[in-house]
Every structure is written in C-alpha cells, then in structure tokens.
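> Predicted structure and sequence below. I'll ask about it afterward.
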Amino acid sequence: MKTLVVIREKDYEWLYPVFPGVHPLLVPVCNKPYAEFLIDFAILAGSNAIRFVSDGQLGGLEHYCENGSRWGIEISYASMLGDEDLETVIDKNRRYCSADRILCISGFVFIRYNKQHDYKKLIASLSPGEFISCSHGSLSLLGNTGNIDNSAEKPELSLVGLDSTGVYYRLSVEILKCGSSPYVLPGYSSEADCHIGRNVVMSKSTEIRKPVIIGNNVQLLAGSVVGPDSVIGSNVIIDRESTIIGSIVLDNTYIGENLDLENRIAAGNILIEPESGASLAMEDPHLLTGIKKRGGGGTVFQTFVHLFVAVLLITIMLVPFALLFPILRLQGKWHESSNTYYTSSSGKTLTLTTVAIDRSGPLSALALALSLDRFALLFRVLGGQLAIIGSQPVAATPGSRMVLERMTGYRAGVFSYAEAEEWPVNGGDTAIVELFYAAHGTPLQDVVMTFKAFFNRIHE
Amino acid sequence: MKFHVETLSGKNIGIAELSGRLDAENSAELQTSFALWQKQAVFFVFDCINLDFVDSSGLGAIVACLRKALEHNGDLRLAALGPKVSMVFDLTKAKKLFLIFPDTPGAIQSFGTGGAS
C-alpha cells in the first residue's frame, strides 16, 4: 500500500508568521515534526511509500525527510495547483496511485492514533472511499476492494483540524498527557510522562514537574521550574528562577531570568497567547530571545588554538612518521581508505583518507601509540577543514544527515572528546559526551582534551 | 501622555492615559511627569487602553511610579491592559505588584471601595 498526503498551502499558511523560519509541515508537536506523525501513521497502516503533494513550497520538508530511508519508507514529493480538487490531484499522480490500495490523507489534519493498535487490519477491512473526516480534511482509501475483512476491530482513530494556535497548543498538551503510549516521542523516557533529550544540563535546584518533554542541548539553570504540561524544545536555555508551566518553548529560545511563562508558546523572541493567538515580538534580549546556532567554524581564537596544537603535534610526529610509515607500509600493516564525512552540523562534507594499522608487532604498537594514523589528518586542521578535537567524523550518508541536523555543535575532529574521556568510541552515549564538550568547552580546554586523547592512545 | 484629575469618587485621582510605546526612549519622561502629577494627587490610574507596547525599561518606569505613589501613602492602579502589554506583565510577574482592572471607571471606583482586581 502507498500513502498520498495532499495538503494545500492555504490550510497551513497561518503558521508562517506564528513560527517564522520553520516549514509548517515541520512544526514541532511535542518536539516531533508534524510530518513525522503522518509518516508514523502511514507506516502503521502498512504503507511502504508516501508522497507529499502541496501547492506550497516543499523544499524544507524535502530537505528534512529526503527519500525517507531514515524511516525505511520511500518518500516522494509532488506539486499541485491550489484550485485543483482531490480527484485531479490523484489523476495527476495516477502512476504513483497505480498500487493496489492508496491511503489518501487530505487536509492539514492531525491523526489521533495509537501505535499499540493494528491499523493494517483496519485498512484491510475498509471499502474504498472516505472512512473518516472532519471539517478540515479526511482519510480515504482508493484502489480495488481486495479481500475485505469486515470482522476486524475498529481501533481508535480521529482527526483534528490544525487551524489555530489554540488547537496546536491543546493538541500538544493532549499528546504530552498521553505520553509515549499512543505515539513515538523523542527523548529518553524512564517514566511514562517524562521525556528528556540529549545533553540536557540541569541545576541541582531545578524542579521538573511531570508531564514534561525536554529536547536536546537544553540548559535549566538554578531555581528554574519546568512543568507540569510543558514542552521544551532543543537548544533552549531557561535562566535562573524562571517558571515554565503549561507552556511550549520552541527550539532555539532563551527564557530570561526570573520570568513566569504560564500557558504560553515561546518561539525565539515571539511570545504567543495560544487561545487568542495574540503574539508579541519581545525586543528585550534579556527577557526572551532567539538563540542562533553556533557556526561550525568556532571562534577565531579557538581556530588559532587548534592550529597551534596541530603544528605542535606535526612537529612531534614528523620524525617517527618518516621512520615508521615506510616500514609499516612495506610490511603491509598500513591500510588506507577514503570516505566522505560530514565536517560540521551544517552538512559540509570532506573526503578523508583514514588509516588503519594492524595491531601486531612492536612497530605497529609504537605507531598507534604515537597516533601516526592521524598524522595526515593534522594537515586538515591547518586547512581549517577539521578541528583538532571534536566529534568522531560521521560518514556522509542520507541517514546520518538527518541525525546530524539534530547534533547542534557537531564538528569533526582529528581526535574526539570521547577518546579523551575514554568513552567507547562506538558507544551509544558517545555523541552526548562529544556534544557536551562542543557546547560547553573552551579553546584552552580543547588543548587539555587533545593531549588527554593523545596520551590515552599511548596507554591503550 | 494625557493627564487629568478625577474627583468623582470623593478622592483626587490622577488619571494618566498612556499611549503608543513605552520603552527606553520615553520611560524617563513618564517618571519625570509622574513627579509633577504627584503634586496634584496621591492616587493614580494608568489607563493603558491605547498602550501598544511596553519593554523592560517601560515596565521599570511603571513600577518606579508605583513605588513613588506608595511612598506618599498613595497607590497606582492599572486599567485596560491590551493583550500584548498584559503578556509582558504576566511574563515578568509584574502583574502581582499591581491591581489591574478591565477598564478605567472600574479602577477609579476601586479607590472608593478598596476593591481588588
């Protein structure tokens, strides 16, 4: 089965001024982009392909979802004219719609579903035609009747038309209260109604009141109170003594000191009263402001420090490299391979030649202890393409691109912070360690961590 | 900023109509004017129906006016806060400092009855 999602721009254009800079189909609902809920439902219903059709720009959505390999589903995109009816759209996409059955999601609607239920059976039990609708859209089935199984149970399913900030706010709170039972929500969750993302720094005096969802790279400073019924996005700072109750704080937002956010939506420097839709762009940066993502290049001083350390290490390694490299190469213990890696969270790529040295014999051990396998990479630091210390380079694949976008502060390094801290390089928490230092490290700390990583390899 | 003194409730109540923006540019002017208004009254109502925007310095000026009024055994009450201005008062917890009324007559009346928001 395939899914066709038809959403007209007029249905979601109200979101452009509310959440500027975010594609309306990627507006986070409990820290999960809206489109991902549609994808999840399509997968639960048994689809192996989804096509998003809209008369608006789909570039942002396409950039985020790409070909859908992240979800193991094929995602494609198509355009339509604003005045075209559903039949015309289906006719224009008849090649895609030539599959046995097509689930058609029409309108800017949120589908209330429960991942515990079997929607494949429900879909199999339905005759072609519209099977659920609301004033803002519908779900319908196209294609042949197949073997209809009328005995199937009718699992919970309903639609919510997303047409105002009030509906958006209430829906977010509703999902938050349901927890992870009906939906897949991002973040770690050891308790049903508390989801916490990566690299969340909390003061000892911070109070978390459930239900709450907190994104990645969040700082909750001393005396802050978060929750109940609150959603904190990624890359957010809640300053001292501030209280967030029943509110949604979207990504990249700074909430100043001693503030009281109750039943509001904060998006950058915009404060929204959800029910009336009244919004206020705050002009005081110490009250409420947007947080700009730090560029991949770091500061000038940091770059200079990295350059200096690279020159120092090249000087130390030059003679051992000149002596050991030819011998190990002749012995067949020096293996080089080329691969493309992401160098920063902005998606810049670089083809690197990485070296693997066989761990046999004293010369190999010496070469590894002196990190000679990283020698060539040090010259990339001189060229400003790599950091001397940062994250372990992530191979450039469509799947990793999606992960990378969430890794604010990622910068590939010759050595990694995880190596300095002796974390298993392939362990699940490695990224947390690396991103913590990327967010909180200083240039001088980078020097210490680089030599720590260097000496740790000697002791390996 | 228009100012007049209301005597309907048996007390001299200074009514100041704030309008437009109250920010770093004109917050000092409010404080200067308030010092002059204090010569005519000790009880005040700030009518905010035409006030579109308040920033932290504007808010600071209003709080300073409240403090000066209280120092002279008077009071300052606010009336008709618009949704945007109200959001700033909510966010900064300043709402807890003031008695706020939906309209100016209600605020004036409150001085006679000692009513709260």
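Right, received. Where do you want to start? All values derive from a computational prediction rather than experimental measurement.
> Can you pull the residues of chain A lying near chain B?
By the rule C-beta under 8 Å from any C-beta of the partner chain, the part of chain A lying against chain B is A:258-262, A:264, A:271, A:273, A:276, A:278, A:280, A:282-284, A:286-288. For the C-beta atoms, the positions are set from N, CA and C on the backbone; glycine is no exception.
> who's A:R411 bridged to?
Beta-bridge pairing of A:R411 under DSSP bridges involves A:S344.
> Let me see the backbone angles for A:I248.
Per-residue torsions, A:I248: phi -120, psi 120 (degrees, to the nearest 10).
> my guess is it meets A:G227, correct?
No: checked against C-beta atoms under 8 Å, the pair A:I248 and A:G227 is beyond contact range at 11.8 Å.
> of the two, who's got more company?
A:I248 (30 against 23; other C-beta atoms under 10 Å in any protein chain shown).
> And the helices in chain B?
Remark: helices assigned in chain B by DSSP state H are B:27-37, B:56-71, B:83-91, B:104-113.
> winner for burial among those?
helix B:83-91 (a mean of 20; mean count of other C-beta atoms under 10 Å in any protein chain shown).
> Check what pLDDT A:G277 gets.
Listed pLDDT for A:G277 reads 85.
> Name the nearest residue to it, sequence neighbours excluded.
A:T165 (5.0 Å; C-beta to C-beta, 6 or more residues apart in numbering or on different chains).
> Was I right to think the one you found contacts A:I265?
Yes: the criterion here is C-beta under 8 Å, and A:T165 meets it with A:I265 at 6.5 Å.
> quick one, phi psi at the residue lying closest to A:N48 once chain neighbours are set aside?
Counting by C-beta to C-beta, 6+ apart, A:N48 lies nearest to A:I73, which is 6.1 Å off, once chain neighbours are set aside. The phi/psi pair for A:I73 (degrees, to the nearest 10) reads phi -140, psi 150.
> right, and A:I73 touches A:R51 too?
No: between A:I73 and A:R51 there is no contact under C-beta under 8 Å: 10.9 Å.
> Could you pull up the residues touching residue 97?
Since no chain was named, I'll use chain A. Counting by C-beta atoms under 8 Å, 6 or more residues apart in numbering or on different chains, A:C97 touches A:K2, A:L4, A:I90, A:L142, A:G143.
> looking at chain B here, not the other one
B:V63, B:L66.
> on that earlier part again, turn the helices of chain B into JSON lines, columns for distance to chain A and mean pLDDT.
Below are the helices of chain B laid out as JSON lines (distance: least, C-beta to the nearest C-beta, whole Å; pLDDT from 0 to 100):
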{"stretch": "helix B:27-37", "distance to chain A": "12", "mean pLDDT": "93"}
{"stretch": "helix B:56-71", "distance to chain A": "5", "mean pLDDT": "92"}
{"stretch": "helix B:83-91", "distance to chain A": "4", "mean pLDDT": "89"}
{"stretch": "helix B:104-113", "distance to chain A": "21", "mean pLDDT": "85"}
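> Format these as CSV; extra columns: distance to A:T450.
Shown next, in CSV, are the helices of chain B (distance: least, C-beta to C-beta, whole Å):
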stretch, distance to A:T450
helix B:27-37, 50
helix B:56-71, 42
helix B:83-91, 43
helix B:104-113, 65
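> re earlier: buried ones from the residues of chain A next to chain B, can you make that a PyMOL selection?
Buried residues within these, by 16 or more other C-beta atoms under 10 Å in any protein chain shown, are selected in PyMOL with:
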select buried, chain A and resi 259+260+261+264+271+273+280+282+284+287+288
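> Narrow the residues of chain A next to chain B to those in strands?
Secondary structure defined by DSSP state E assigns A:D260, A:L261, A:E262, A:L271, A:L280, A:L288 of the residues of chain A next to chain B to strands.
> can you point me to the longest strand in chain B?
Per DSSP E, chain B has its longest strand at strand B:43-54.
> Now do that strand: which elements does it pack against?
For strand B:43-54, the packing partners by 3 or more C-beta pairs under 8 Å, 6 or more residues apart in numbering or on different chains; DSSP states H and E come out as strand B:13-22, helix B:56-71, strand B:75-79, helix B:83-91, helix B:104-113.
> model confidence over it, on average?
92.
> circling back to that earlier point, which one of the helices of chain B lies closest to A:S360?
helix B:83-91 (65.3 Å; C-beta to C-beta).
> Packing partners of that closest one?
strand A:260-262, strand A:279-281, strand B:43-54.
> To A:S138, which of those strands lies closest?
strand A:279-281 (30.4 Å).
> Could you list the paired strands of that closest one along with their orientation?
strand A:270-272 (antiparallel).
> Go ahead and name everything in contact with the partner strand.
A:18, A:20, A:165, A:264-266, A:278-282, A:288, B:87, B:91.
> can you check stretch A:282-289 too?
Here stretch A:282-289 has contacts from A:253-257, A:259, A:266, A:268-271, B:23, B:55-56, B:88, B:91-92, using C-beta under 8 Å, 6+ apart.
> for the record, mean pLDDT for it?
For stretch A:282-289, the mean confidence score works out to 78.
> what do you get for stretch A:227-242?
91.
> how long is it from one end to the other?
11 Å (C-alpha to C-alpha, to the nearest Å).
> same check, this time on stretch A:346-360
Termini of stretch A:346-360 sit 39 Å apart (C-alpha to C-alpha).
> Which pLDDT value belongs to A:S180?
So A:S180 comes in at 69 (pLDDT).
> no, scratch that, I was asking about A:S190
77.
> can you count the residues close to it?
7.
> Over to the one 10 residues further on?
Each residue near A:V200 was counted by other C-beta under 10 Å, and the total is 22.
> how close does the nearest residue to it once chain neighbours are set aside sit to A:I232?
Spatial nearest neighbour of A:V200, excluding adjacent residues (C-beta to C-beta, 6+ apart): A:V218 at 4.7 Å. Per C-beta to C-beta, to the nearest Å, A:V218 is found 6 Å from A:I232.
> before we move on, back to that, which residues does the longest strand of chain B contact?
Contact with strand B:43-54 is made by B:6, B:11-23, B:34, B:37, B:62, B:65, B:69, B:74-82, B:84-85, B:88-89, B:103-104, B:107-108, B:111, as judged by C-beta under 8 Å, 6+ apart.
> Recalculate using a threshold of 7 Å.
B:11, B:13-23, B:37, B:62, B:69, B:74-82, B:84-85, B:88, B:104, B:107-108, B:111 (C-beta atoms under 7 Å, 6 or more residues apart in numbering or on different chains).
> cool, and stretch A:238-253?
A:19, A:28, A:169, A:172, A:215, A:220-226, A:228-236, A:255-268, A:290-291, A:293.
> Endpoint to endpoint, that stretch covers what distance?
First-to-last residue span, stretch A:238-253, C-alpha to C-alpha: 8 Å.
> Please identify the buried residues of it?
Buried-residue list, stretch A:238-253, by 16+ other C-beta under 10 Å: A:238-253.
> Tell me the bridge partners for the residue nearest to the spatial centre of chain B.
By C-alpha atoms, centre = their mean, chain B has its centre lying nearest to B:F46, at 3.0 Å. In this entry, B:F46 is beta-bridged to B:A16, B:L78, by DSSP bridges.
> Now for residue 22, how many residues are close by?
In the absence of a named chain, chain A is used. 20.
> Let me rephrase: I mean chain B.
26.
> and it, what pLDDT?
The predicted local confidence for B:L22 is 91.
> what's the closest non-adjacent residue to it?
B:G58 (3.3 Å).
> Mind listing the strands the helix or strand hosting A:S140 pairs with, and their directions?
Per DSSP states H and E, A:S140 falls inside strand A:137-143. According to DSSP bridges, strand A:137-143 forms sheet pairs with strand A:101-106 (antiparallel), strand A:129-134 (antiparallel).
> Great, nothing more from me.
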